[in-house]
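1. using only what follows, build the 3D model:
(one chain, ligands or ions: 1)
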Amino acid sequence: MAANKEFALLCLENPLLDIQAVGDKALLDKYGLKDNDAILAEEKHAPLYEDLLNNYDAKLIAGGAAQNTARGAQYILPPNSVVYLGGVGDDKYAATLRDAVKQVGLRVEYRVDPKIPTGRCGVVITGHNRSLCTDLGAANHYDLEHLKREDIWALVKGAQFYYVGGYHFTVCPAAIQTLGEEAAANDKVFVVNVSAPFIAQFFKDPLDESSKYWDYVICNETEAAAYAESHNLNVAATDIAAIAKHLANLPKANTKRPRVAVITHGTEPTVVAQQGVDEVKSYPVHAISKEQINDTNGAGDAFAGGFVAGLVQGKTLDEAVDLGQWLARLSIQELGPSYPFPKQTY
Ligand code: 26A
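-> Numbers count the residues shown, from 1 in each chain. Reported below is the predicted structural model:
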């Protein structure tokens, strides 16, 4: 059944400003970055941001994985469908983010920390790869107190779909658990995106604690492999179908909804497994020529945005996957995790 209430979808994670530039191997090597990865910044990465701005003609673009997804879902859905929560500072970068979300009509309810700057993500583009290096800043201070604040809690209560970006497992697992419990207790839909291999490796415990609440779990092939390894699954790290099946069949709190696991795989077909169903399905992506690709920063977030928008609209699983692939195809033609204007329709 399609949700027709306002702000049916509530998303939570880390609002970041992307400082994105085309780089090269020398730049990656200088900071010890892999060409296609997402990491938390260490001390040695501190000069990266100025380096990108001063020497690589970096652009400032709204980012934060789940905020990109929330913008994507609102891009598709009717006005006032999506609200996004996360922590920012009281600064220029936060103002830039507020401007960017206005363009698609996404409502944001930030926890504003007056003392800590808004988080930023250094994005180094090399070919069709992107390396993400995040200094979380104020995003790291999101807390349960904000989620439980009366006006915010009313939004939580009003929503029927929750989408949590996996990067939030590094910040406030208690908020994630609270949303999971709320979803399971009220038969709402709880969607988690694993978001990065390091979440499956180093934030395994909070990730696993939340797994019983997952109605939908989304990841890509590298996150699936990291999950298989960190959980000692008895399958090859490349056997995406087997990993999808495993994820789909983990124990579940709300037994009224069979879980669905969705694994994207770059230009390879997207793999989908359903709890209790033997057959694993695969769906070809919406291919475009290499020349049409601007960059792949945010491709997975866009997929998730289209997919959850489909869920909110009450579409079938096949249709929701297709909507995800449609939005991903649009996003990779833009600079960074962005969507085309004037708006395209599906
Ligand atoms: C905690 N970390 C590392 C992060 C992120 C992140 N969003 C939230 N938390 N690291 C990178 N990103 C975002 O991922 C998007 C691409 O998928 C970047 O801001 C980028 O927009």
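2. all contacts plus neighbour counts: C-alpha atoms, from now on.
-> Noted.
3. near the ligand, which residues of the stretch 151-300 of the chain? Just list them.
-> 167, 297-298 (CA under 6 Å from any ligand atom).
4. change it to 8 Å
-> 165-168, 170-171, 195-196, 297-300 (CA under 8 Å from any ligand atom).
5. so who does Q201 touch?
-> Residues in contact with Q201 (CA atoms under 8 Å, 6 or more residues apart in numbering) are 226-227, 230.
6. turn the residues you listed into JSON lines, including secondary structure, neighbour count and pLDDT.
-> Shown next, in JSON lines, are the contacts of Q201 (DSSP: H, G, I helix; E, B strand; the rest coil; neighbours: other CA atoms under 10 Å; pLDDT from 0 to 100):
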{"residue": "A226", "secondary structure": "helix", "neighbour count": "19", "pLDDT": "97"}
{"residue": "Y227", "secondary structure": "helix", "neighbour count": "24", "pLDDT": "98"}
{"residue": "S230", "secondary structure": "helix", "neighbour count": "15", "pLDDT": "98"}
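7. of all the residues of the stretch 151-300 of the chain next to the ligand, which two lie farthest apart?
-> Spatially, the most separated pair among these is V171 and A299, at 23.0 Å (CA to CA).
8. and these two? Which one has more around it.
-> A count of neighbours by other CA atoms under 10 Å puts A299 above the other of V171 and A299, at 26 against 20.
9. surely the more buried one meets Y339?
-> No: counting by CA atoms under 8 Å, A299 stays clear of Y339, with 10.5 Å between them.
10. between these two, what contacts are shared?
-> S331.
11. now do the helix or strand of the chain with the lowest mean pLDDT: distance to the chain's middle.
-> Taking mean pLDDT, DSSP states H and E as the measure, the chain has strand 37-40 as its least confident helix or strand, at a mean of 93. Strand 37-40 sits 14 Å away from the centroid of its parent chain (CA atoms, centre = their mean, to the nearest Å).
12. then stretch 331-346?
-> That offset, for stretch 331-346, works out to 17 Å (CA atoms, centre = their mean).
13. is any part of it close to the ligand?
-> Yes: Stretch 331-346 reaches the ligand (CA under 8 Å from any ligand atom) through 336-337.
14. ends of that stretch, how far apart?
-> Start-to-end span of stretch 331-346 (CA to CA, to the nearest Å) is 13 Å.
15. pull out the buried positions in it.
-> Using 16 or more other CA atoms under 10 Å as the test for burial, stretch 331-346 gives 331-339.
16. how about stretch 224-237?
-> Result for stretch 224-237 [16+ other CA under 10 Å]: buried residues 224-229, 237.
17. quick one: contacts of it?
-> Contact with stretch 224-237 is made by 197-198, 200-201, 204, 238, 240, 242-244, 263, as judged by CA under 8 Å, 6+ apart.
18. which of those are buried? Put it as a PyMOL command.
-> Only the buried entries of those go into this PyMOL selection, using 16+ other CA under 10 Å:
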select buried, resi 197+198+200+201+240+242+243+244+263
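19. now, the contacts of stretch 224-237 that are in helices?
-> Counting by DSSP state H, those place 197-198, 200-201, 204, 240, 242-244 in helices.
20. can you list those in a markdown table and add distance to Y216?
-> A markdown table is the format used below for these (distance: CA to CA, whole Å):
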| residue | distance to Y216 |
| --- | --- |
| P197 | 18 |
| F198 | 20 |
| A200 | 16 |
| Q201 | 20 |
| K204 | 18 |
| I240 | 16 |
| A242 | 16 |
| I243 | 14 |
| A244 | 11 |
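21. now for those residues: which two are most distant?
-> F198 and A242, at 20.5 Å, using CA to CA across the ones in helices among the contacts of stretch 224-237.
22. so what sits opposite G86 in the bridge?
-> Beta bridges link G86 to Y110, judged by DSSP bridges.
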